[in-house]
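# make a model of this:
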Amino acid sequence: MARQELARFLRDRRTALRPHELGLATGAPRRTPGLRREEVAELAHMSVDYYVRLEQARGPRPSPRILDALARALRLTPAERSHLFRLAGTTAPPPATGAVRRVRPHVARMLQRLPETGAIVTDAAYGVVAFNPLAQALLGGDLGQGAANLARRRFL
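Numbering: from 1, shown residues only. As a prediction, this is how the structure comes out:
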């Protein structure tokens with residue numbers, strides 16, 4: 001396993017993402033560009049300590065499940081996902097689970113340009129992918145959760 005290369009790849013992908021592209025709050029100024037380590041760990045449903053160890057090249061070999069969660073959290077393309085698995089020493093990545101849940105940058109910018117209108121972007125199964133602050137205020141604070149689904153919310 002190429003730990004240094006894996007760590008560098010994870011850092012580069014993390015700094016390339018912007019919080020507003022993922023529907024995360026951008027309230028306080030950030031010291032570094034991109035997502036915080038805590039945010040990536042939360043999006044990947046893993047402990048912050050484990051992600052920090054991976055990013056500092058001190059972690060053990062990550063499992064395919066962890067790599068898949070990181071690929072989803074970092075919004076990796078299929079080629080980047082394959083590269084991630086190769087860096088981790090796993091030759092054959094399992095197929096990606098589910099549809100790509102990525103908000104294109106122009107859609108994310110449009111959400112920010114609608115401050116007086118609640119706007120939500122969903123996937124085909126009505127899972128919340130992105131939203132603006134007014135939508136979160138109108139529909140409650142649980143929109144940012146990974147399991148937020150408008151159909152489930154409506155009927156339950």
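# ok, which stretches of this protein are helices?
3-16, 37-43, 48-55, 64-73, 78-87, 105-112, 133-139, 150-155 (DSSP state H).
# got those helices as JSON lines, with mean neighbour count, distance to residue 124 and mean pLDDT columns?
(Each C-beta comes from the backbone N, C-alpha and C, glycine too.) Shown next, in JSON lines, are the helices of the chain (neighbours: other Cβ atoms under 10 Å; distance: least, Cβ to Cβ, whole Å; pLDDT from 0 to 100):
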{"stretch": "helix 3-16", "mean neighbour count": "17", "distance to residue 124": "25", "mean pLDDT": "91"}
{"stretch": "helix 37-43", "mean neighbour count": "19", "distance to residue 124": "20", "mean pLDDT": "89"}
{"stretch": "helix 48-55", "mean neighbour count": "18", "distance to residue 124": "29", "mean pLDDT": "92"}
{"stretch": "helix 64-73", "mean neighbour count": "20", "distance to residue 124": "16", "mean pLDDT": "89"}
{"stretch": "helix 78-87", "mean neighbour count": "16", "distance to residue 124": "19", "mean pLDDT": "89"}
{"stretch": "helix 105-112", "mean neighbour count": "14", "distance to residue 124": "15", "mean pLDDT": "88"}
{"stretch": "helix 133-139", "mean neighbour count": "15", "distance to residue 124": "19", "mean pLDDT": "86"}
{"stretch": "helix 150-155", "mean neighbour count": "11", "distance to residue 124": "11", "mean pLDDT": "83"}
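# residues contacting the most centrally placed residue in the chain?
Of all residues in the chain, the one closest to the mean position by Cα atoms, centre = their mean is residue 73, 2.9 Å from it. By Cβ atoms under 8 Å, 6 or more residues apart in numbering, residue 73 lies in contact with 40, 43, 44.
# same question for residue 105.
Per Cβ under 8 Å, 6+ apart, neighbours of residue 105: residue 21.
# switch the cut-off to 6 Å
The contact partners of residue 105, by Cβ atoms under 6 Å, 6 or more residues apart in numbering, come to none.
# distance check, it against residue 69.
With distances taken as Cβ to Cβ, to the nearest Å, residue 105 is found 23 Å from residue 69.
# with residue 62 instead?
For residue 62, the distance to residue 69 equals 9 Å [Cβ to Cβ].
# now do residue 154
28 Å.
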